[in-house]
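[1] just to be clear, the model below is a prediction. Sequence and coordinates:
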Amino acid sequence: MDKPKKSVRRKTSGVTIDEVAALAGVSPMTVSRAINQGKVRDDTRERVMRAVQALGYTPNLAASTLAAAQHTRIALIYTNPSGAYLRELLVGLLRGASNAAIQLVIHYWDNLDPVAERRAARALAGRVDGVILPPPLCESPVAVTELVQAGIPVVAIASGHLRDDVSCVRIDDFHAGKEMAEHLIQHGHTRIGFIRGRNDLSASARRYDGFATALHEAGLEVEPSLVQEGDYTYRSGLEAAEKLLSQPQPPTAIFASNDDMAAAAISVAHRQGLDVPRDLSVVGFDDTSAATTVWPELTTLHQPIAAMADAAIDILLRTIRQRTDDSRVLTDHVLPHRLVMRDSVAHPPKR
């Protein structure tokens with residue numbers, strides 16, 4: 001009776017990435033970057049490819065794709081004063097980074113002067129493959145110039161217009177501001193206060209332009225006393241709302257350029273014994289968590305912040321993987337906004 005044959009497990013004789021690294025005199029991570037068109041010096045890439053050819057190394061495509069993603073470092077640089085906005089942004093970034101299996105690094109630049117900002121940008125450029133700039137840094141000439149000159153792909157989030165130096169992910173701030181103003185006018189408001197955002201951001205200017213256009217089209221004048229400056233912080237919203245509501249003829253509605261300042265306006269109204277929305281309508285912008293943590297909940301303009309962050313990662317990854325030394329493709333990705341109606345708007349009171 002023949003004995004059953006034993007199964008034989010053959011040993012593989014494939015070349016490993018460690019052997020390629022040893023022959024080329026570099027680290028396995030550098031080998032992975034070189035093979036997957038990552039960021040390495042030209043002479044290093046040539047040395048790695050000679051080692052690959054000499055050893056007959058065949059990379060595992062699935063593993064190399066994953067490795068390339070894991071070795072891709074995307075930086076978020078923020079100095080946004082709105083905690084609610086930042087939370088929405090991080091949700092999208094963390095989701096996008098997890099789905100793409102990339103490394104996300106976060107840097108906080110707190111009130112850096114131009115010299116310090118230039119130094120920080122130069123240092124960062126040598127450590128990452130791409131950068132995401134939310135407001136207000138999305139329009140910092142120092143940061144953008146340094147990163148672009150270093151050859152680092154940059155995506156600006158929520159810039160108010162198409163740029164010719166970096167890719168953008170944004171909404172149409174002009175039409176969003178116009179739509180919100182028209183919503184108040186349709187409710188019968190003719191004296192509408194406006195709290196502006198930061199004056200160094202184009203998105204702030206575009207929202208105001210949309211507001212002013214809606215008033216002009218309705219035959220209403222923009223009264224300078226009904227337009228107050230803010231900087232997207234809750235405190236600036238308090239100060240602006242107090243100025244608006246202390247006038248001899250106060251507005252019957254306030255349109256704030258973000259939800260934090262709108263929430264502050266509601267607080268000032270309550271402090272003065274006004275009922276929102278019976279005595280005063282208040283609307284915001286962004287649709288962050290601040291819009292639903294005040295009473296009454298805010299009517300606001302939904303800006304898809306998390307989706308914008310997700311799109312920014314996608315644009316950066318495509319740029320990093322497809323870029324060549326002699327070409328640079330910029331993307332202007334405009335996402336739809338949406339008017340969210342809640343409980344903070346009513347018809348103006350009868351005088």
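    Cool, got the structure. Note that the structure is a prediction, hence the values are computed from the model and not measured. Residues are numbered from 1 along each chain as shown.

[2] separation between the residue lying closest to Met29 once chain neighbours are set aside and Leu317?
    Distances taken as CB to CB, 6 or more residues apart in numbering place His71 nearest to Met29, at 6.1 Å, with adjacent residues excluded. To be clear about C-beta, it is placed using only N, CA and C from the backbone, and glycine gets the same treatment. Look at His71 and Leu317: by CB to CB, to the nearest Å, they are 12 Å apart.

[3] picking up where we left off before, ok, how many other residues are close to the residue nearest to Met29?
    The criterion is other CB atoms under 10 Å. On that basis, His71 has 18 neighbouring residues.

[4] so it makes contact with Arg33?
    Yes - with contact defined as CB atoms under 8 Å, His71 and Arg33 form a contacting pair (5.9 Å).

[5] run a quick neighbour tally on Gly126.
    When neighbours are counted by other CB under 10 Å, Gly126 registers 9.

[6] show me what contacts the residue nearest to it when sequence neighbours are not counted?
    With CB to CB, 6+ apart as the measure, Ala150 is the residue that lies nearest to Gly126, at 7.7 Å, once sequence neighbours are left out. Under the criterion of CB atoms under 8 Å, 6 or more residues apart in numbering, the neighbours of Ala150 are 121-122, 125-126.

[7] for Ala176, same thing?
    Neighbouring residues of Ala176 by CB under 8 Å, 6+ apart: 207, 210, 285, 301, 303, 337.

[8] okay, and the first one sits in which element?
    With secondary structure defined by DSSP states H and E, Arg207 is part of helix 202-217.

[9] tell me which residues of that helix come out buried.
    Buried residues in helix 202-217, counting neighbours by 16 or more other CB atoms under 10 Å, are found at 202-215.

[10] can I get the residues you listed in CSV including pLDDT and distance to Ala100?
    CSV is the format used below for these (pLDDT from 0 to 100; distance: CB to CB, whole Å):
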residue, pLDDT, distance to Ala100
Ser202, 92, 29
Ala203, 93, 27
Ser204, 94, 31
Ala205, 95, 34
Arg206, 96, 31
Arg207, 96, 32
Tyr208, 97, 36
Asp209, 97, 36
Gly210, 98, 34
Phe211, 98, 38
Ala212, 98, 41
Thr213, 98, 39
Ala214, 98, 40
Leu215, 98, 44
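
[11] can you put those residues in TSV and add distance to Ile192?
    As requested, the buried residues of helix 202-217 are exported to TSV (distance: CB to CB, whole Å):
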residue	distance to Ile192
Ser202	22
Ala203	20
Ser204	17
Ala205	18
Arg206	18
Arg207	13
Tyr208	12
Asp209	15
Gly210	13
Phe211	8
Ala212	10
Thr213	13
Ala214	9
Leu215	7
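
[12] from those residues, which is closest to Ile17?
    Set against Ile17, the nearest of these by CB to CB is Ala203 (45.7 Å).

[13] residue contacts, the closest one?
    By CB under 8 Å, 6+ apart, Ala203 lies in contact with 135, 158-160, 170, 173, 197.

[14] from these, which ones fall inside strands?
    Arg170 (DSSP state E).

[15] and the contacts of Ala203, which two are the farthest apart?
    Checking the contacts of Ala203 against each other with CB to CB, the farthest-apart pair comes out as Arg170 and Gly197, at 14.1 Å.

[16] ok so, going back, would you mind measuring from the residue nearest to Met29 to Ile266?
    According to CB to CB, His71 and Ile266 sit 48 Å apart.

[17] residues in contact with the closest residue to His175 other than its chain neighbours?
    For His175, the nearest residue in space outside its immediate sequence neighbours is Gly210; the separation is 6.2 Å by CB to CB, 6+ apart. With contact set as CB under 8 Å, 6+ apart, Gly210 has these partners: 173-181.
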